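Student: Take a look and give me a structure for this.
(chains A and B)
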2 protein chains.
Amino acid sequence: MMNLLYLPELREMLAENDHQGLLEFCTALHPARTAEFMEALTAEEVWNVLRHADTQLASEIFAYFEHQFQVEIIESRDPAEVAEMIACMSADDRVDLLSGVDEERVSAILSLLPLEERRDFHRLANYPEGTAGAIMTTEVAQLAENLTVRQALEEIMRQAENLETIYYIYVTDDNDRLHGVVSTRQLVSSLGKPDRKLAELMEPEVIHAQVSEDQEQVLRKMADYDLLAIPVVDDTLQLVGIITHDDILDVVLEEAEEDAYRAAAVEPLEESYLQTPILTLSWKRGVWLTILFVGALFTVMTLSHFQGELNKYAWLVPFIPLVISTGGNTGNQSATLIIMALNKGDVSVRDWFTVIRREVLMGLILGSLLCVFGFGIAIMEAPSLWAAMVVPITVIAVVLAGTLVGSMLPLLFKSLSLDPALMSNPFVAGIIDLVGILIYMSVTILLLGE
Amino acid sequence: MMNLLYLPELREMLAENDHQGLLEFCTALHPARTAEFMEALTAEEVWNVLRHADTQLASEIFAYFEHQFQVEIIESRDPAEVAEMIACMSADDRVDLLSGVDEERVSAILSLLPLEERRDFHRLANYPEGTAGAIMTTEVAQLAENLTVRQALEEIMRQAENLETIYYIYVTDDNDRLHGVVSTRQLVSSLGKPDRKLAELMEPEVIHAQVSEDQEQVLRKMADYDLLAIPVVDDTLQLVGIITHDDILDVVLEEAEEDAYRAAAVEPLEESYLQTPILTLSWKRGVWLTILFVGALFTVMTLSHFQGELNKYAWLVPFIPLVISTGGNTGNQSATLIIMALNKGDVSVRDWFTVIRREVLMGLILGSLLCVFGFGIAIMEAPSLWAAMVVPITVIAVVLAGTLVGSMLPLLFKSLSLDPALMSNPFVAGIIDLVGILIYMSVTILLLGE
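Tutor: As a prediction, the model looks like this:
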């Protein structure tokens, strides 16, 4: 939903080049709201508004635009014009932004940044996506352990402007190795004893992340220990960055969204539903639908193969959807339970035997429950009690197949170092459709064939 | 996975009632880890360890146990023994904990708490689950607007021990109405001008939540504005509480988990996969499987009704799973897209016509794509080209039905004030199975019937 409320006034001020009015517009509201009110402007107009604010504020407002729009603004201006604002951004946001901009322009912009920012950029840009290194920022509050509380507060006041967060302050030795942590809260409540050394005050056991650690694991650590931020260290335990609560909240929301899309066999969207063009959306759905459709053709061919049996025992045909959906539903349940347990670290590949034992037991319990209903309907349709037995036996076998296939596929993917979430629900269901049909026809032949 | 590392030493120290050793164990590590090392102990043993730490630390360690285990510990002790520790907990955690304890014991414990804590308890416990009021805590840093920076810092130092967070300080008037916000960061960097008034320093536009607001909306606000905490106000704009980043992170993880379980038709688990007893898990799966199974029996009866056509055009039978799964997959995609867009506020019920138009268009595009493959296989099985046309026409119609039913059901649920996520994937698929069979048989009769 675009906010069009101030649009006429904004355009009028732009036409008159009303510096005072535009400056006031930029400063009056929270930067997130200011950005919202500008969504309907063109990239060029947005830049002409932002020019009137100071660079720090402009970069804050800019940070709230959608990624695609940010890239458009940057690509529409001369590198020299935008470099100052980009220098104001935090190192991690800068890497995110420039990942969408064309390479030549990126190196033109980088050449205008201070040496240290340029180094940070190359360092951060080199960490693979999904690792702690890729979401951390390098602006971390870091103090030597021999400082006093007073010196520490003075130093933090001096640095505060350039830091992502000052709520945790990491204490390091001469080699930048992480030795401890103090919170601003502790510093403030120690103001009564301003000459205590940080080394006395600090908590020496610091929960930290490795640069190469998976972001999902970092998230779990922050949630388990209720952390506002977590320091990131390299192999030599040198402090190299920090991941803050807002970075991790973005990661959680993003991962939950991607998982939900994948579970429904849709390629994750980059924009909102209404803003994604119909053709893009059709493509994101069509790819997977086509794969699943082609997969389902195997089921068609398998059933064709049993045309003789289907003609002979025609009363079995109406049960085909029941057999298929029961297997698919059971399989989805097992796959979801195991994928989530793997994500949370509750289950590992080594537990495969325990998982099989539990799923077989559950398959027998659930199958026995459902086969009663199945038998009830089957005796109304089948020519004999013996023939009706095909349905309940198939139901038990299909439910068992569902729990086994559904639980083992994610473990198999995990042990091959693939993302178990790739075993999306429709895939599991598709595989179990085929298995279910094979079971149904085999039970029919075993029981009724002569 | 339980951590058994220190278990023998712990039991030995308990047997010897080694106060020094147990105190050291409690203080040496982060409370979260200490709690981890105690997981294998009984409720009684845990309490005997915690007795040796001071009450504040004991309550911190206690906070990291699983809810069920916490309840067990509380219920195994005399109310008088645990009241002191419960008084140390934050108001929101206290409400969560006692929600699992039996009522008589709760009133016994409450009668031992200070009057104000008792009032807070009743106030918080009365907000419906899922609202801002239910996840907020009442311990909020609140200062009068005429205080100076120096006075404010002194006041905060005094209060810090009892507050959930001091990173935002809310500035109120004489009637406790929210007027502005200052961050500790601002206070610390204003230490150079200690006589400035809070009223000058504060940001007057405060992003806030209403007590009755949905927690999902609160989460979106905190994520959009990158907030560490959000103040909660009542109808008269009086400040009544605060929601902090860790409360909201718990909410996000919990909601994402519940949505994933529901999407697979499993009742959300309270414990981990391996810790949930097989019978409990079978129940949580069986309820939904049975409902879906009974639903699928309608599809069986519908197909039975068309037994005559199925006998006559036997070559159509193998395509039944294809028709059903294609409709189900398309419906799941649409339902997931709309449920997520509703959650994010990208789409509202008022957009129903735009949604229909988009979904019809996508249905036509996707259906046209898939019907080509369907026709290719159908001509190999069908007695004539004309007869083969049944399959592609059905595919287009079923895909269209999938996009329409899948997108409209969540909107319908939303407009009835029900959670659109109740329209879980297997439900949408189950409904479309039935619709798909009706379409398939109708197209058959229309094209081939004489």
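Student: where does the stretch 351-450 of chain A dip in pLDDT?
Tutor: Where the stretch 351-450 of chain A drops to pLDDT under 70, the residues are A:422-424, A:450.
Student: Give me every residue in it that's in contact range of chain B.
Tutor: A:351, A:354, A:358, A:361-362, A:365-366, A:369-370, A:373-374, A:377, A:381, A:425-426, A:429-430, A:433, A:437 (C-beta under 8 Å from any C-beta of the partner chain). Bear in mind the C-beta positions are built from the backbone N, C-alpha and C, glycine included.
Student: Keep only those of these that are in helices.
Tutor: Mapping those onto helices (DSSP state H) picks out A:354, A:358, A:361-362, A:365-366, A:369-370, A:373-374, A:377, A:381, A:425-426, A:429-430, A:433, A:437.
Student: about what we covered before: any of the residues of the stretch 351-450 of chain A next to chain B buried? List them.
Tutor: Using 16 or more other C-beta atoms under 10 Å in any protein chain shown as the burial test, these include A:351, A:358, A:362, A:365-366, A:369-370, A:373-374, A:377, A:381, A:425-426, A:429-430, A:433, A:437 as buried.
Student: domains in chain A, as residue ranges please.
Tutor: A:7-127, A:142-254, A:306-448 (automatic domain parsing).
Student: deepest of these, which one?
Tutor: Highest mean neighbour count of those: domain A:306-448, a mean of 21 (counted as mean count of other C-beta atoms under 10 Å in any protein chain shown).
Student: Three-state assignment for residue A:232, please.
Tutor: Following DSSP: H, G, I helix; E, B strand; the rest coil, residue A:232 is assigned to strand.
Student: Is it in contact with residue A:242, as I believe?
Tutor: Yes. Using C-beta atoms under 8 Å, residue A:232 is in contact with residue A:242, at 6.4 Å.
Student: for the stretch 51-200 of chain A, what are the low-confidence residue spans?
Tutor: In the stretch 51-200 of chain A, residues with pLDDT under 70: A:160-166.
Student: dump the residue contacts of the nearest residue to residue A:108 once chain neighbours are set aside.
Tutor: Using C-beta to C-beta, 6 or more residues apart in numbering or on different chains and skipping residues adjacent in sequence, the residue nearest residue A:108 is residue A:79, 4.1 Å away. Listed by C-beta atoms under 8 Å, 6 or more residues apart in numbering or on different chains, the contact partners of residue A:79 are A:105, A:108, A:109, A:112.
Student: on that earlier part again, which stretch among the domains of chain A comes nearest residue B:203?
Tutor: Judged by C-beta to C-beta, the one of the domains of chain A that comes nearest to residue B:203 is domain A:7-127, at 8.1 Å.
Student: Just give me how far the closest one sits from the chain centre.
Tutor: 25 Å (C-alpha atoms, centre = their mean, to the nearest Å).
Student: and that domain, how far apart are its ends?
Tutor: Start-to-end span of domain A:7-127 (C-alpha to C-alpha, to the nearest Å) is 41 Å.
Student: Point to the residue nearest the middle of chain A.
Tutor: In chain A, the residue lying closest to the centroid (C-alpha atoms, centre = their mean) is residue A:255, at 1.5 Å.
Student: if we can go back for a sec, quick check: neighbours shared by residue A:232 and residue A:242?
Tutor: Counting by C-beta under 8 Å, 6+ apart, the residues touching both residue A:232 and residue A:242 are residue A:136.
Student: Okay, helices next: where are they in the stretch 201-350 of chain A?
Tutor: Applying DSSP state H, counting those that start in this stretch to the stretch 201-350 of chain A gives helices spanning A:215-224, A:245-263, A:278-305, A:307-312, A:320-344.
Student: Which of the ones you listed has the lowest mean pLDDT?
Tutor: When these are compared by mean pLDDT, helix A:245-263 comes last with a mean of 79.
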